[in-house]
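1. Please find the sequence and the predicted model below.
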Amino acid sequence: MSLTRRSSAIVRRTVATAALLVPGIARAQSSSTSSPLKPATEPPPRPLCSAVRPTTTPTEEQRRQARDLAQRGEQAGILGDSPAALKALRDASTLDPTDPDLAYHLARAYETAKDAPSAAKEYCRFLALSPTAQEADEIIEKVRILAPPRVDTTKASALAAFRSGMTEFDHGRLVTSDSAFARAITFDSTWAEAYYNLAFVRQMRGDRASARAGFAQYLRLNPGATDRDAVAARISALSAPTLSSVQAFALGVVIPGAGEFYARRPIRGVLTLALVGGAVVYGLQETKTTKSIQLTATDPFGKPYTYTTTGVTSERPNLVIGAIAAGGIAVASAMDAAIFAHLSGAEARRVAVSIVPGPTTTVAKVSLFIR
């Protein structure tokens, strides 16, 4: 076959070639529709051909030398000297890696020499150099025969770990779910959904820094994500200063309502101040009583006599009740602020619903997880 045999190639195999060079869309697997995590889809399959076009351009002298070597290779092949033909074509392709004809003939030489892996590699290089070649369909089939797809144990392990993480999460076992998603990432470090789920679990566990990094990596690996705005909002919220539950409680006990103000809930803070102030006013209310008191005295001559005088007494009968109410309101407000500060750092609760239809009955399961 002449080296210029493809000068009038017909562009008709583009789709077939693209299907070979570009990974297909991962097949969705079954998962719980109620889970806030990303579903367990398979990692994208690796392409059968991974060759790329060379970035260097040979000189005219190198092209000329490559053509001469290719002609020698053809002559050696006609004479039955396969080793000499293979060496000449290999040297020619080294001099000019941009010529698809050389890649094609070198692949044929490797195929004649029973070197299937090298032949498949050169056929893939030919497709990268000439993706719309007329022979694309034929070469695709050759590559499938010469280099059949092998079982990707790494992908299977990553998927198994991912599914394990989903199951553990649905049962509320966040620690083991965390470990499973981290293991899935070790098997496939480009799996965006695994980073998202790991970040979600770590946010629920209160590890804000790791959760923020995981969500950011998810967006880097999946720049066209439909939930990009929502994930970006999560990252922004995780970047905000965290609230201290201890500090919120201490402030609320020392100064009524201060814990609510610290937790950024001013309405509750004002309400606490009003209630505590009302309890104090109630406790400090006085009750005055006027009484007539009969006293006995002695006149200058030593004779005793009695007389009546009027006295006013003051009491606070509500003091104990008011103090207890004021203290109770202040402590309750401080505890409320501390709980809010604690839960504001992560997802506090999650409700999972699953419905399993059976032959005669349908079972519905509702699970509430509270951190």
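-> Everything's here; your move. Residues are numbered from 1 along each chain as shown.

2. Going by C-alpha atoms from here, please, whenever you check contacts or count neighbours.
-> Will do.

3. hang on, residue 196 packs against residue 222?
-> No. Applying CA atoms under 8 Å, one finds residue 196 not in contact with residue 222, separated by 10.3 Å.

4. More neighbours: these two, which one.
-> Set residue 196 next to residue 222 and count neighbours by other CA atoms under 10 Å: residue 196 wins out with 24 against 15.

5. List the contacts of the more buried one.
-> By CA atoms under 8 Å, 6 or more residues apart in numbering, the residues touching residue 196 are 37-38, 214-215, 218.

6. Within its local environment, how many residues does residue 59 see?
-> Counted with other CA under 10 Å, residue 59 comes out at 11.

7. Quick check, pLDDT for it.
-> Listed pLDDT for residue 59 reads 90.

8. same check, this time on residue 317
-> At residue 317, the pLDDT value in this model is 81.

9. measure it to residue 288 for me?
-> Using CA to CA, to the nearest Å, we find residue 317 at a distance of 11 Å from residue 288.

10. Have a look at these two and say which one is more surrounded.
-> Set residue 317 next to residue 288 and count neighbours by other CA under 10 Å: residue 317 wins out with 14 against 10.

11. So that one: helix, strand or coil?
-> Assigned with DSSP: H, G, I helix; E, B strand; the rest coil, residue 317 falls in the coil class.

12. hang on, it packs against residue 282?
-> No. Using CA under 8 Å, residue 317 is not in contact with residue 282; the gap is 9.8 Å.

13. Pretty sure residue 63 sits against residue 97.
-> No. Contact between residue 63 and residue 97 fails when scored by CA under 8 Å: they sit 9.4 Å apart.

14. any idea of the pLDDT on the spatially most central residue of the chain?
-> A centroid search over the chain (CA atoms, centre = their mean) returns residue 196, at 1.3 Å, as the residue closest to the centre. Looking at residue 196, its pLDDT is 95.

15. Is it within a helix or a strand, and which one?
-> helix 192-204 (DSSP states H and E).

16. going on from that helix, what's the next piece of helix or strand?
-> helix 208-221.

17. How far off centre is that following helix?
-> In terms of CA atoms, centre = their mean, to the nearest Å, the centre of helix 208-221 is set 6 Å apart from its chain centre.

18. What ranges in the stretch 1-150 of the chain fall below the confidence cut-off?
-> Along the stretch 1-150 of the chain, the model assigns pLDDT under 70 to residues 1-34, 40-48, 50-52, 148-150.

19. can you give me the helices in it?
-> 14-21, 60-78, 82-95, 100-112, 116-129, 136-146 (DSSP state H, counting those that start in this stretch).

20. and the last one, which residues are buried?
-> When you say that, I think you mean helix 136-146. For helix 136-146, the neighbour count (16 or more other CA atoms under 10 Å) marks 136-137, 139-140, 142-143, 146 as buried.

21. now it against helix 116-129, angle please.
-> Interaxial angle, helix 136-146 versus helix 116-129 (axes from the mean of the first three to the mean of the last three CA atoms, to 10 degrees): 150 degrees.
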